[in-house]
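Visitor: Predicted model follows, preceded by the sequence.
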Amino acid sequence: MSELDQPLIFISYASPDKPRVLPYFDALEKEGLNVWMDCHKLKAGQNWDFEIKRALEKSCLVVAFLSENSIKRRGYVQRELKIALDQISEKLYDDIYIVPVVLDDSIEIPAELKSLHMVFARDSDCTSQIINSLTFQLNRLGIEMQKAQRREEVYWTLTTRRESWDGLPGYEVEFQDIELKSERYAGMPDISVLIKAWLVGALLSNREVKFEQLPEIFNYGQDRFLRTNTFDAHTSGPSIKGGVMSIVYTIYHYGAGAAHPNTYYHTYSLTLEPLLQIKGLENIFVDEKASLKVLQQYVRDQLKSLKYEGAEYGELHLDADWIEQGTESWSNFSSFAFKEAGIDILFAPYHVSAYVFGGHVINVPYSAITHLLKTHYRSALRLSEGIPG
C-alpha cells in the first residue's frame, strides 16, 4: 500500500507548542504511520488554511495536543478541534477518533473532550499510549469495514491516483478510484465505471492547461501553489441504508490565481434492487412541490439556528436571506446522501452562507419525510411498516 492509500492521521496543536510536539511526530512516523503535521507537509506558497482543512477532512484519526496555548487562546487549533468534533457524529460510538494529549496539567479540559480517554505528556509511556491507541483504532476500522461489507454483501476498495504538471499555470490532480463488487447485486461494477468516468473527465479537463498557457499572467518566479490548478476528490466509501447506497466525494479545488480555494461535493445515490441511480432528490417524492416546502422549512430552520463565535463580533448567525436564496429550488438540493437516520443535504461554501463559515451538512430525519416518499423508495429504505430496518 502506497503512502497515499494509507489512513491519514492529523496532528492538531498550537504553533507555540511546535518544539514539544515534533518528537511525537517523529515517533509516529518511525512506527510507519501516515502522519500529517503542517510544519512538515505544507510547501512554500501553499494556502495553509486550504491545506489544513483538506488534510483534516481526509484524516481518519486526530491527535489533539492540549496546552495553555491551545485552550486559552482563540486560534486555528480551536477550529481544527471543532471540525473534528463535528465529525465524531459520523463515527461509531466506541470508535477512537480524537486522541487528546495533555501537555500542561494546569489546563481545564474542554467539555466536549471530557468523555474521551486522555493521554498525559507527564507519563513516561505517553508516546507508547498514543501509538497503541492509534494502532488499535486503525485495526478496528479495518475490521469494521470488513464486517460492513460482509453484512451488506457489497465490497469495495479505494485506490489513490495522483498526477501533476508544472506550468503557467500547471495542475495537480489527486482522486480516489472506488472499485465496487457484489455477487448479490448485479451490475455493481457499472457504478465504479460511472464514477471513474467523472474522475477521469476531471483529470482530462485539468490537462487542457497544457495548451492554454498564460505566461503574461503567471511566471516561474511565483510560488508553485499560486500558479497551479488543484483538484482533489476523496471519499470514505459507500454508506448503505436498507437497499439504498450513497457515495459522497468531497472536492477541494483551487484555480491558479484565485483569491482562495473552495470545497464542494459530488454525490451518487442508487437503489440496489434494481440497481438504478437516483439522479435528483425530487424523484423520490410523490408530490415534488409539497415535499420541497417541507425540506426547505426543515433545512432553513436548522441553518438559521447555527451559531458561530467571531473574535470581534461575538456570536454570529448565518444570513437569513442567503439561506433562503440557497434553498429556493430542487437544484439547491443536488448533493445528498442517504444515511441511517435521515438524508444528508450537503451545501458547499457560498451556497447558503459566506465563505468564512465553510460548508454545511444538514441531516433531514426520515420521520419528517417518510409520508411524502414514493412507495418503492420507502420500501428500499426499509421505512415501510413490516419491513425490517
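Guide: Yep, it's here.
Visitor: hey, let's count contacts and neighbours off CA atoms from now on
Guide: OK.
Visitor: And the helices in this protein?
Guide: Under the criterion DSSP state H, helices of the chain are mapped to 18-30, 38-41, 48-58, 68-72, 76-88, 126-152, 188-207, 288-305, 320-325, 375-380.
Visitor: looking at these, which has the lowest confidence?
Guide: For the helices of the chain, mean pLDDT drops lowest on helix 76-88, to a mean of 55.
Visitor: What residue spans form the domains of the protein?
Guide: 3-149, 153-277, 285-389 (automatic domain parsing).
Visitor: any idea which of those is most buried?
Guide: Comparing these by mean neighbour count (mean count of other Cα atoms under 10 Å), domain 153-277 ranks first with a mean of 17.
Visitor: would JSON lines of the helices of the chain with distance to I240 be doable?
Guide: Output for those, formatted as JSON lines (distance: least, Cα to Cα, whole Å):
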{"stretch": "helix 18-30", "distance to I240": "34"}
{"stretch": "helix 38-41", "distance to I240": "34"}
{"stretch": "helix 48-58", "distance to I240": "20"}
{"stretch": "helix 68-72", "distance to I240": "38"}
{"stretch": "helix 76-88", "distance to I240": "18"}
{"stretch": "helix 126-152", "distance to I240": "8"}
{"stretch": "helix 188-207", "distance to I240": "14"}
{"stretch": "helix 288-305", "distance to I240": "22"}
{"stretch": "helix 320-325", "distance to I240": "29"}
{"stretch": "helix 375-380", "distance to I240": "11"}
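Visitor: mind checking which of those is nearest H351?
Guide: Nearest of those to H351, taken as Cα to Cα: helix 320-325 at 8.0 Å.
Visitor: Keeping just the C-alphas, turn the closest one into CSV.
Guide: The C-alpha trace of helix 320-325 is given here as CSV (Å, rounded to 0.1, in the frame of the first residue of the first chain):
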residue,chain,number,x,y,z
ALA,A,320,-31.3,34.6,6.5
ASP,A,321,-31.6,36.0,3.0
TRP,A,322,-28.6,34.0,1.9
ILE,A,323,-30.1,30.8,3.3
GLU,A,324,-33.4,31.5,1.6
GLN,A,325,-31.8,32.1,-1.8
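Visitor: If you count contacts, what does it end up packed against?
Guide: Applying 3 or more Cα pairs under 8 Å, 6 or more residues apart in numbering; DSSP states H and E, one finds that helix 320-325 makes contact with helix 288-305.
Visitor: what helices or strands is the helix it packs on leaning on?
Guide: Judged by 3+ Cα pairs under 8 Å, 6+ apart, helix 288-305 is in contact with helix 320-325, strand 360-365.
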